[in-house]
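Chemist: Here is my input, please return the structure:
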Amino acid sequence: MGMIGGGLGAFIGEVHRIASRMDGHIELVCGAFSSNAEKSKASGESLYLPADRVYDNYEQMIIAESKLPEDVRMDFVSIVTPNHMHYAPAKMAIEYGFHVVCDKPMCFSLEEALDLQRVVNDSGLIFALTHNYTAYPMVKEAKHRIENGDLGAIRKVVVEYPQGWLSTALEQSNQKQAAWRTDPKRSGKAGAIGDIGTHAANLAEYMSGLRMEKIYADVNILVEGRLLDDDSNILIKYENGATGTLIASQISAGEENNLRIRIYGEKGSIEWSQMEPNSLIMRWLDQSTQIVRTGVGDLSEEAMAHTRLPAGHPEGYLEAFANIYRNVAKCIQARLKNETVHPLFKDYPDVNEGVRGMLFIDKVIKSGKLDDKWVEL
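Modeler: The predicted model follows:
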């Protein structure tokens with residue numbers, strides 16, 4: 001693996017590095033870790049990489065790596081930069097024949113996303129997007145049970161993602177994570193909607209198996225002087241007629257990272273919370289509430305394939321990221337060996353889900369500015 005971004009002081013870069021090496025399939029061999037050449041070199045040195053595999057910029061890295069022997073050069077690149085620096089390196093990597101793993105949202109704009117989708121589809125290469133919440137074992141279990149018809153026809157999807165860390169104008173103190181996420185030049189047209197709303201939307205579509213058809217968005221900026229949204233409330237119509245709501249808020253004081261989803265069917269409902277990830281709550285019309293636990297009982301093949309630890313040991317954020325990296329690694333290895341990969345390992349968010357995320361951002365922001373707010377996706 002090569003890495004673009006994620007240098008010294010970055011939060012998400014180390015998350016990706018830990019996750020990628022968790023299963024022993026992936027080795028970090030090179031990187032362009034910062035737009036600042038000296039910082040990139042210092043970052044590479046801290047990671048014990050040879051100096052000649054630490055590059056000043058991503059263009060230099062992709063070109064240089066493409067000239068190395070196949071058994072030496074990187075097999076894929078992980079892109080962990082702010083949003084405005086996803087499209088160009090991803091497109092260049094694909095054009096030079098490298099697979100890509102990219103942080104979300106996929107691009108700066110919907111136009112970039114559609115072009116990148118075209119490039120990826122034309123290439124036939126692997127492109128994975130790290131919507132990590134879909135990779136938890138109990139999310140896989142919930143998706144399986146819904147697909148299996150356990151809840152009957154789905155009628156309502158309620159997903160909420162409240163955080164409180166941007167309840168004040170943190171970006172004005174030069175806090176790095178706050179600064180770029182609230183900057184339209186680096187984040188794009190959306191703040192909280194792009195940062196966490198896309199996670200909520202992706203999880204809702206993935207778990208329910210339904211696509212959103214229409215949205216009605218109330219989009220707000222509640223911290224004075226902020227340039228991008230920090231709180232939104234969205235009504236949703238799904239393709240089968242189901243209704244839904246989505247809340248994405250970063251000014252919910254006291255909340256940590258409380259992503260929670262409830263899906264209601266004709267026969268019962270299912271609930272999962274990111275802050276209690278080992279438990280899946282199932283409620284029924286005609287029987288007692290059931291709590292399903294990771295690693296306990298007769299779970300689906302999908303859930304077991306993404307479970308790493310014995311029952312009672314929390315499977316968390318890093319392990320979910322690692323599940324995506326493991327699946328991508330299995331698919332790349334199969335290609336290198338000209339083998340067929342097990343279908344379970346093809347389960348990772350791809351370029352098409354990336355486009356869905358950018359479409360969601362685009363339409364939410366559009367709806368938020370309209371008086372007649374219903375907007376088709």
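Chemist: hang on, residue 9 packs against residue 46?
Modeler: No. Residue 9 lies out of contact with residue 46 (C-beta atoms under 8 Å); the separation is 10.8 Å. (Glycine included, C-beta is placed from N, CA and C.)
Chemist: Can you spell out the domain ranges of this structure, please?
Modeler: The chain breaks down into these domains under automatic domain parsing: 2-129, 134-321+355-376.
Chemist: Residue 335: which of those is closest?
Modeler: Closest approach to residue 335 among the domains of the chain is made by domain 2-129 (7.9 Å; C-beta to C-beta).
Chemist: So for residue 343, which of the domains of the chain sits nearest?
Modeler: Nearest of the domains of the chain (C-beta to C-beta): domain 134-321+355-376, 9.8 Å.
Chemist: What's the end-to-end length of that closest one?
Modeler: Separation of the first and last residues of domain 134-321+355-376 by C-alpha to C-alpha, to the nearest Å is 25 Å.
Chemist: you'd agree residue 213 is in a strand?
Modeler: Yes. Residue state for residue 213 (DSSP: H, G, I helix; E, B strand; the rest coil) corresponds to a strand.
Chemist: if I look at it, how far off is residue 2?
Modeler: 39 Å (C-beta to C-beta, to the nearest Å).
Chemist: Who has more neighbours out of those two?
Modeler: residue 2 (24 against 14; other C-beta atoms under 10 Å).
Chemist: isn't that one right up against residue 27?
Modeler: No. At 10.5 Å, residue 2 does not count as touching residue 27 under the criterion of C-beta under 8 Å.
Chemist: what's stretch 45-57 in contact with?
Modeler: Contact partners of stretch 45-57, identified using C-beta atoms under 8 Å, 6 or more residues apart in numbering, comprise 8, 17, 28-33, 35, 37, 40-41, 43-44, 61, 64.
Chemist: closest to residue 270 among those residues?
Modeler: Residue 270 has its nearest neighbour among the contacts of stretch 45-57 in residue 17, at 33.3 Å by C-beta to C-beta.
Chemist: Indicate which one of the domains of the chain is closest to residue 340.
Modeler: Among these, domain 2-129 comes nearest to residue 340, with 14.7 Å by C-beta to C-beta.
Chemist: what residue ranges in the stretch 1-150 of the chain score low on pLDDT?
Modeler: Applying pLDDT under 70 to the stretch 1-150 of the chain flags no residue at all.
Chemist: Now do the strands in it.
Modeler: 2-4, 30-32, 76-79, 99-102, 127-129 (DSSP state E, counting those that start in this stretch).
Chemist: could you dump the ones you listed to a markdown table with distance to residue 252?
Modeler: Formatted as a markdown table, these follow (distance: least, C-beta to C-beta, whole Å):
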| stretch | distance to residue 252 |
| --- | --- |
| strand 2-4 | 32 |
| strand 30-32 | 36 |
| strand 76-79 | 29 |
| strand 99-102 | 28 |
| strand 127-129 | 26 |
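Chemist: any idea which residue of this protein is furthest from its center?
Modeler: Distance from the centre of the chain peaks at residue 286, with 36.3 Å (C-alpha atoms, centre = their mean).
Chemist: Tell me the secondary structure of that residue, please.
Modeler: Residue 286 ends up coil, using three-state DSSP.
Chemist: Show me what counts as buried in stretch 274-281.
Modeler: 274, 277-278, 280-281 (16 or more other C-beta atoms under 10 Å).
Chemist: contact partners of that stretch?
Modeler: By C-beta under 8 Å, 6+ apart, stretch 274-281 touches 133, 136-138, 141-142, 256-260, 270-273, 289-295, 314-316, 320.
Chemist: Quick check: end-to-end length of it?
Modeler: Criterion C-alpha to C-alpha; first-to-last residue distance in stretch 274-281 is 13 Å.
Chemist: what is the mean pLDDT for it?
Modeler: Averaged over stretch 274-281, pLDDT sits at 97.
Chemist: Can you name the residues that contact residue 361?
Modeler: Taking C-beta under 8 Å, 6+ apart as the test, what residue 361 contacts is 105, 110, 188-190, 193-194, 197-198.
Chemist: Next one: the residue nearest the centre of the chain from residue 79, what distance?
Modeler: Centre of the chain computed as the mean C-alpha position; nearest residue by C-alpha atoms, centre = their mean is residue 131, 1.9 Å away. Distance, residue 131 to residue 79, using C-beta to C-beta: 14 Å.
Chemist: so how many other residues sit close to the residue lying closest to residue 91 once chain neighbours are set aside?
Modeler: What sits nearest to residue 91 in space, not counting adjacent residues and going by C-beta to C-beta, 6 or more residues apart in numbering, is residue 119, at 5.4 Å. Residues near residue 119, counting by other C-beta under 10 Å, number 18.
Chemist: likewise residue 102?
Modeler: That count, for residue 102 with other C-beta under 10 Å as the rule, works out to 26.
Chemist: Next: residue 46.
Modeler: Residue 46, neighbours per other C-beta under 10 Å, totals 11.
Chemist: and if you look at residue 248?
Modeler: Residue 248: 32 surrounding residues under other C-beta under 10 Å.
Chemist: same question, residue 356
Modeler: There are 21 residues near residue 356, going by other C-beta under 10 Å.
Chemist: wait, doesn't it sit right on residue 206?
Modeler: No. Counting by C-beta under 8 Å, residue 356 does not reach residue 206; the two are 10.0 Å apart.
Chemist: burial count for the closest residue to residue 30 other than its chain neighbours?
Modeler: Distance criterion C-beta to C-beta, 6+ apart; nearest residue to residue 30, sequence neighbours excluded, is residue 53 at 3.9 Å. Neighbourhood size, residue 53 [other C-beta under 10 Å]: 19.
Chemist: With the one 10 residues further on instead?
Modeler: Using other C-beta under 10 Å, residue 63 has 12 other residues around it.
Chemist: Okay, it and residue 32: tell me how far apart.
Modeler: Residue 63 is 11 Å from residue 32, where distance means C-beta to C-beta.
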